[in-house]
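> dropping the sequence and predicted coords here.
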Amino acid sequence: VAVQVAAGTAAVASAFPAIGAYKLEVCIGVVLVMLIGNLRGIKEAGRAFAVPTYLFAGSVLLMIVVGLIREVIGNLPMSDPHTMPGVYQLGSSTSGILSWVMIFTLLRAFANGGASLTGIEAVSDAVGAFHPPEGVNARRVLVTEGIILGALVAGISWLAHATHATPYLSGYPTVLAQEAKLIFGHTFFGQALFLLVQAATMLILYTGGNTSFNGFPFLTSYVAGDSFLPRWMLKRGHRLVFSNAIILLTVTSLALLIVKDADVTSLVPLYAIGVFTAFTMAGFRMGKDYHTRRESGRRRKVIINFSAGTLSLSRLAICAVGDVT
C-alpha cells in the first residue's frame, strides 16, 4: 500500500509539481479514503480494475514506439543531467565504474529492478478460476504477462538511456514522466499524451494499492484461524468485512509513509525484502520437493527452482544491506 500510493502520488506531482510539497499529505489522504471505502464494503471489480491496466500498458507502449521512431529518425530530444538541479549525480569519470560506490549502485539497481518484475506470479493463486484446461490457460496468461512486462521494462529503460532521463532526489518528476515529456513534445497534443501517461500511471498504482485491502484481510483471517495471529483478526464488522485487519493495514501503511516521508526510493527496498523473502523460501522449498520426487525431468525442475531461490536470496541480501546503510 505504501509503495503504490507513494509512487502514484509521485506520478501526480510529475504532472503538477506544486503538489510535490504536499506529497505526504496527499498519500495520507488517499490511504484514508481507501480505509473508509473498504470499511464500507467496497468489492473488487475485475473489469473496473482492468481499465487502468490496459490504459497504462497502451499509453506506455505508445510512448515507447514513438520514442524509438524518433530515435531512429534522429530527432529524439535529450536532457542534460549536469544542468538539472536536484538529480542524482553519479559522476562521468570512467574510473568511477571500478569504485565500490558504482558497484553498489549497480547491485541496488539489479535488486530494485527485480522488484518491478513482481506481480505476474499472482496468476498461480487463481489457476482454479481459469477455463479448462486450467494449467495450460494459466501458463499462457503468465507468458503473455511476462512478455508485456518485459517489453515495458526494456522500452522504458532504453529510452531512459537514450534521453538521459535522470531520477530526482525528491522523487519527481519521475523518469517515466521525463521520458513522456521529451518524447511527446510540448505541443497541445503532446501535452495531452503526457497527461494521459501520468493519469494512467496514477490510476494503476492507486488501484494496485487498494488491491492489498482486498487480499490482506483474508490472508490474516486464514492465519488467525490457524492460531498464528490474534483471534481478533477474525472479527467482521457491520459490513461483513474484516475491519480489524483493514485498520491494522491502514495504520502500518501510514506509519511507513510518515517514517519514509512518502519517498518511493526508500520504500521499495522494504517492499522487495518482503517479496523476495517469500520467493526465496518458495524457490528452495519447491527445489527440495522436486529433489525428493521420483519423476521424469525432476533434475531440470530442481535446477530451475534452486536457481530462482538463489537469485531471490541475492536480491534479498542486497536490499537488506542497502536499506540498513
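Done, it's in.

> need the strands for the stretch 51-200 of the chain, in chain order.
Here the stretch 51-200 of the chain has no strands by DSSP state E, counting those that start in this stretch.

> now the helices: where do they sit in it?
100-115, 134-163, 175-184, 188-225 (DSSP state H, counting those that start in this stretch).

> where does pLDDT dip in the stretch 51-200 of the chain?
Counting by pLDDT under 70, the stretch 51-200 of the chain shows low-confidence ranges at 87-99, 125-126.

> quick one: distance of the strand or helix carrying V302 to the chain centre.
Taking DSSP states H and E as the definition, one finds V302 inside helix 298-324. Its chain's C-alpha centre and that of helix 298-324 lie 19 Å apart, by C-alpha atoms, centre = their mean, to the nearest Å.

> just to revisit the earlier point, let's have the helices of the stretch 51-200 of the chain in TSV, adding mean neighbour count.
Any C-beta I mention is one placed from the backbone N, CA and C, and that applies to glycine too. Shown next, in TSV, are those (neighbours: other C-beta atoms under 10 Å):
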stretch	mean neighbour count
helix 100-115	15
helix 134-163	15
helix 175-184	23
helix 188-225	18
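
> among these, which comes closest to E295?
Of all the helices of the stretch 51-200 of the chain, it is helix 134-163 that lies closest to E295, at 15.9 Å by C-beta to C-beta.

> from the chain's centroid, how far away is that closest one?
Mean C-alpha position of helix 134-163 versus that of the full chain (C-alpha atoms, centre = their mean) differs by 13 Å.

> do the same with stretch 222-231
28 Å.

> hmm, back to that, who wins for proximity to Q4 among the helices of the stretch 51-200 of the chain?
Of all these, helix 188-225 comes closest under C-beta to C-beta, at 3.4 Å.

> just want the angle from the closest one to helix 175-184.
Counting by axes from the mean of the first three to the mean of the last three C-alpha atoms, to 10 degrees, helix 188-225 lies at 160 degrees to helix 175-184.

> related to what we said a few turns ago, looking at the helices of the stretch 51-200 of the chain, which is closest to K301?
In terms of C-beta to C-beta, the element of the helices of the stretch 51-200 of the chain nearest to K301 is helix 134-163, at 14.7 Å.

> return the list of helices and strands in contact with the closest one.
Where contact means 3 or more C-beta pairs under 8 Å, 6 or more residues apart in numbering; DSSP states H and E, helix 134-163 is packed against helix 46-73, helix 175-184.

> turn the helices of the stretch 51-200 of the chain into TSV, columns for distance to A21.
Supplementary listing: the helices of the stretch 51-200 of the chain in TSV, determined by distance: least, C-beta to C-beta, whole Å:
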stretch	distance to A21
helix 100-115	25
helix 134-163	26
helix 175-184	17
helix 188-225	18
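
> looking at the ones you listed, which is nearest to P85?
Among these, helix 175-184 sits nearest to P85 (C-beta to C-beta), with 14.1 Å.

> so which elements touch that closest one?
Secondary-structure packing of helix 175-184 (3+ C-beta pairs under 8 Å, 6+ apart): helix 2-15, helix 46-73, helix 134-163, helix 188-225.

> tell me the spacing between N38 and V268.
N38 sits 24 Å away from V268, going by C-beta to C-beta, to the nearest Å.

> and these two? Which one has more around it.
Applying other C-beta atoms under 10 Å to N38 and V268 shows that N38 carries more neighbours, namely 26 against 22.

> buried ones in the helix or strand containing K23?
According to DSSP H and E, K23 maps onto helix 23-39. The neighbour-count check on helix 23-39 (16 or more other C-beta atoms under 10 Å) flags K23, L24, V26, C27, I28, V30, V31, M34, L35, N38, L39 as buried.

> CSV for these, including pLDDT?
Formatted as CSV, the buried residues of helix 23-39 follow (pLDDT from 0 to 100):
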residue, pLDDT
K23, 92
L24, 93
V26, 94
C27, 95
I28, 95
V30, 94
V31, 94
M34, 89
L35, 89
N38, 83
L39, 82
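
> re earlier: for the helices and strands packed on helix 175-184, which one sits closest to T252?
Across those, closest to T252 is helix 2-15 (C-beta to C-beta), at 8.2 Å.

> which one of the helices of the stretch 51-200 of the chain lies closest to D263?
Comparing these under C-beta to C-beta, the one sitting nearest is helix 100-115, at 13.2 Å.

> out of the helices and strands packed on helix 134-163, deepest packed?
Among the helices and strands packed on helix 134-163, ranked by average contacts under mean count of other C-beta atoms under 10 Å, first place goes to helix 175-184 (a mean of 23).

> contacts for that helix next, please.
Residues from elsewhere that reach helix 175-184 (C-beta atoms under 8 Å, 6 or more residues apart in numbering): 11, 14-15, 60, 63, 66-67, 70, 76-79, 156, 159-160, 163, 165-167, 173, 190-191, 193-194, 197-198, 201.

> same deal with stretch 213-224?
Here stretch 213-224 makes contact (C-beta under 8 Å, 6+ apart) with 1, 34-35, 38, 42, 44, 229-234, 241-242, 245-246, 248-249.

> narrow these to just the buried residues.
Neighbour counting with 16+ other C-beta under 10 Å marks 1, 34-35, 38, 229, 233-234, 241-242, 245-246, 248-249 as buried within these.
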